[in-house]
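Chemist: Got a sequence here, can you build the structure:
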Amino acid sequence: MEIHIYKDKQETIREYARFFIDEGNKAIKTKGNFNAVLSGGSSPKAVFELLTTEEFKDQLDWTKVFFFFGDERNVPADHADFNGLMAAKALFEPLNISENQIFYVNTSLAPEEAAKAYMESISKHFAGKNIVFDLIMLGLGDDSHTASLFPYTKVLNEQGLDIKSNYLPEKEIFRITMTAAMINQAKAIGFLVYGENKAAAVKTILNGEPDTQKYPAQLIKPASGICHWFLDEGSASDLKS
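Modeler: Numbering: from 1, shown residues only. Coordinates of the predicted model:
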């Protein structure tokens with residue numbers, strides 16, 4: 001595990017963008033392409049928007065990048081809460097990313113079928129090889145969830161490398177998510193967290209007693225890759241030195 005702490009939100013986002021570029025160039029140099037898993041929400045959106053600026057957009061060969069999603073909300077593809085739509089507006093369209101490089105979750109299907117279909121499309125992309133992503137972006141919720149691995153939900157018990165639908169009883173909604181086992185196969189995992197409101201959750205995951213049902217982000221322990229935490233001083237304020 002590597003913990004990177006920066007002064008404020010802006011610096012944290014900028015360093016994460018550099019991290020994304022570095023991991024991408026490393027993968028392309030090694031094997032000719034970069035398989036990147038994106039997350040939803042306002043934090044990654046800020047990274048995506050930065051990657052499209054003059055400072056960053058020419059630092060990576062975007063024609064060799066394949067984009068996936070670690071989780072998706074069970075809403076139509078044109079819904080404002082659809083992670084894929086946010087990424088399209090903030091990243092794909094400004095960079096003219098080809099549709100054949102983007103793997104969206106088909107939420108026109110029932111949740112379980114959407115999960116199954118997404119797993120099939122991922123498996124086809126990797127063409128029989130082990131499903132090992134080069135980088136998986138993750139965020140952290142106030143309740144210590146990451147991707148759509150929410151506290152006390154059924155998916156936390158899944159041991160296989162898979163995509164699953166996950167029902168959230170309190171919100172009465174479904175999500176589609178990668179299992180922790182699949183995430184843990186990645187070569188690099190990058191949490192992006194900022195703000196004092198996340199300090200308690202960060203402390204719980206990094207310094208707290210193990211309880212993966214209550215604190216699902218504790219399940220993220222790469223099998224052989226490296227887990228990076230990009231934090232600002234606010235979100236890191238409760239950590240032990």
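
Chemist: May I have stretch 224-235 exported as CSV, CA atoms only?
Modeler: What follows is stretch 224-235, C-alpha atoms only, in CSV (Å, rounded to 0.1, in the frame of the first residue of the first chain):
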residue,chain,number,x,y,z
SER,A,224,-0.1,-8.8,-6.3
GLY,A,225,-0.6,-5.2,-7.4
ILE,A,226,-0.4,-2.0,-5.4
CYS,A,227,-3.2,-0.1,-3.7
HIS,A,228,-2.6,3.7,-3.8
TRP,A,229,-4.5,6.1,-1.6
PHE,A,230,-4.6,9.7,-2.9
LEU,A,231,-5.7,11.9,0.0
ASP,A,232,-5.8,15.6,0.8
GLU,A,233,-4.8,16.8,4.3
GLY,A,234,-8.5,17.0,5.3
SER,A,235,-9.3,13.4,4.6
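
Chemist: So residue 194 is in contact with residue 234, correct?
Modeler: Yes - with contacts counted by C-beta atoms under 8 Å, residue 194 reaches residue 234, the gap being 6.5 Å. For the C-beta atoms, the positions are set from N, CA and C on the backbone; glycine is no exception.

Chemist: Please identify every residue contacting each of the two.
Modeler: residue 8 (C-beta atoms under 8 Å, 6 or more residues apart in numbering).

Chemist: between the two, who's got more neighbours?
Modeler: Set side by side, residue 194 and residue 234 show more neighbours around residue 194, with 26 against 19, by other C-beta atoms under 10 Å.

Chemist: mind listing what that one touches?
Modeler: So residue 194 contacts 8, 9, 12, 13, 43, 231, 232, 234, 235 (C-beta under 8 Å, 6+ apart).

Chemist: Check the offset of stretch 104-115 from the chain's centre.
Modeler: With C-alpha atoms, centre = their mean, to the nearest Å as the basis, stretch 104-115 stands 18 Å off its chain's centre.

Chemist: hang on, I meant stretch 121-136
Modeler: 15 Å.

Chemist: Could you give me the buried positions within that stretch?
Modeler: For stretch 121-136, burial by neighbour count (16 or more other C-beta atoms under 10 Å) applies to 122, 131, 133, 134, 135, 136.
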